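Take a look and give me a structure for this.
(one chain, ligands or ions: 1)
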Amino acid sequence: MLKFFYIAGACSVAPHIVLEESGADYEEIAIDYAAGDHRKPEFLRLNPKGFVGVLVTERGPISENPAIMAYVAQQFPEAQLAPTDPFDFAQVQSFNMFLASAVHVTFRHLSRPTLFADGPEAAKALAAKVPEMTHKYFGMIEEQLSDGRPWIHGDTWTISDPYLFIYASYLQRGDRGDPELFPLVRAHRERVLARPATQRVLEREGKGDPGARRPPGQALRIAEWDKAEQQGKTANLAGS
Ligand SMILES: N[C@@H](CCC(=O)N[C@@H](CS)C(=O)NCC(=O)O)C(=O)O
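Residues are numbered from 1 along each chain as shown. Alright, predicted model coming up:
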């Protein structure tokens with residue numbers, strides 16, 4: 001049986017939703033971020049990069065969320081999670097790679113500055129640039145939705161939709177840009193949120209809506225990141 005490893009509320013929500021939409025029989029395994037499960041040898045054997053999601057198949061593990069989602073779509077074609085036409089499928093992949101390599105990486109400058117530079121001053125400088133890039137990238141996504149389409153590639157839901165959902169949810173928190181600038185993205189997020197598969201995943205992951213603003217004081221301040229990272233106390237920051 002397929003085994004899916006995730007961190008509750010993290011970017012792995014997207015392939016988790018895709019698995020749920022696929023109708024596949026799979027086992028889900030929560031990685032405890034606070035306990036550092038993603039740094040333990042058992043998990044690193046599956047993904048030496050130490051990131052979720054990871055999908056373990058009978059042929060071995062698959063890492064990188066866009067790759068997992070494409071695999072599930074191709075493995076369960078009857079669920080119609082992605083187009084089979086090569087050009088249309090490339091559009092899906094193009095969008096997903098953009099989210100992974102531009103949007104997610106931009107967000108990581110805020111949530112995990114120690115991956116890029118050391119010290120609170122560097123973290124502040126990295127964070128200062130985030131809203132500009134977020135607005136630029138979400139502006140492009142808003143434009144793609146501007147013809148009234150319900151889903152990012154048109155009338156049909158694809159694996160790009162839950163992937164956009166998770167980053168639109170992080171934007172919704174208001175700590176990395178102004179979500180009010182992107183009404184079409186917000187409406188799209190609500191459509192994905194309302195799907196039964198999404199609701200089941202969020203319920204089972206147990207963290208609620210990933211777009212909910214964190215209570216004041218719960219989120220660590222940027223300058224505290226280095227200390228928290230050293231002490232392994234970054235649990236509240238999973239999902240970036
Ligand atoms: N390039 C990877 C990135 C995955 C990723 O960054 N996952 C985060 C959760 S959003 C993670 O596992 N973080 C653990 C860590 O940063 O140590 C992908 O797209 O799948």
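
who's in contact with the closest residue in space to L181 that isn't next to it in sequence?
Nearest non-adjacent residue to L181, counting by CB to CB, 6 or more residues apart in numbering: H135, 6.4 Å away. Quick note: C-beta positions are derived from backbone N, CA and C, even for glycine. With contact taken as CB atoms under 8 Å, 6 or more residues apart in numbering, H135 is in contact with 177-178, 181.

Mark which of those are part of strands, please.
Among those, no member falls in strands (criterion: DSSP state E).

Neighbour count and pLDDT for those residues - can I get that in CSV?
Formatted as CSV, the contacts of H135 follow (neighbours: other CB atoms under 10 Å; pLDDT from 0 to 100):
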residue, neighbour count, pLDDT
G177, 24, 97
D178, 12, 98
L181, 14, 98
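
show me which of the residues you listed neighbour the ligand.
Among the contacts of H135, proximity to the ligand is found for none (CB under 6 Å from any ligand atom).

what comes up buried for the longest helix anywhere in the chain?
If you go by DSSP state H, the chain has its longest helix at helix 120-144. Neighbour counts over helix 120-144 (16 or more other CB atoms under 10 Å) mark 123, 126-127, 130, 133-135, 137-138, 141-142, 144 as buried.

Identify, from those residues, the entry nearest to E64.
Distance ranking of the buried residues of helix 120-144 against E64, using CB to CB, places Y137 first at 19.2 Å.

That closest one is in contact with A102, isn't it?
Yes - using CB atoms under 8 Å, Y137 is in contact with A102, at 5.6 Å.

Next, see if stretch 57-67 gets close to the ligand.
Yes - counting by CB under 6 Å from any ligand atom, the ligand is contacted by stretch 57-67 at 64-65.

if we can go back for a sec, could you measure from the residue nearest to L181 over to Y163?
19 Å (CB to CB, to the nearest Å).

Same question for R204.
19 Å.

Of those two, which one has the most company?
Taking other CB atoms under 10 Å, R204 and Y163 do not tie; Y163 has more neighbours (29 against 13).

Please report the distance of V185 from the ligand.
To the ligand, V185 is 19 Å away according to CB to the nearest ligand atom, to the nearest Å.

cool, and V18?
13 Å.

for L19, same thing?
Following CB to the nearest ligand atom, the distance that separates L19 from the ligand is 14 Å.

For stretch 161-177, buried residues please.
Buried-residue list, stretch 161-177, by 16+ other CB under 10 Å: 161-173, 175-177.

Which member of those residues is positioned nearest D209?
Closest to D209, out of all of those and judged by CB to CB, is S169, at 7.0 Å.
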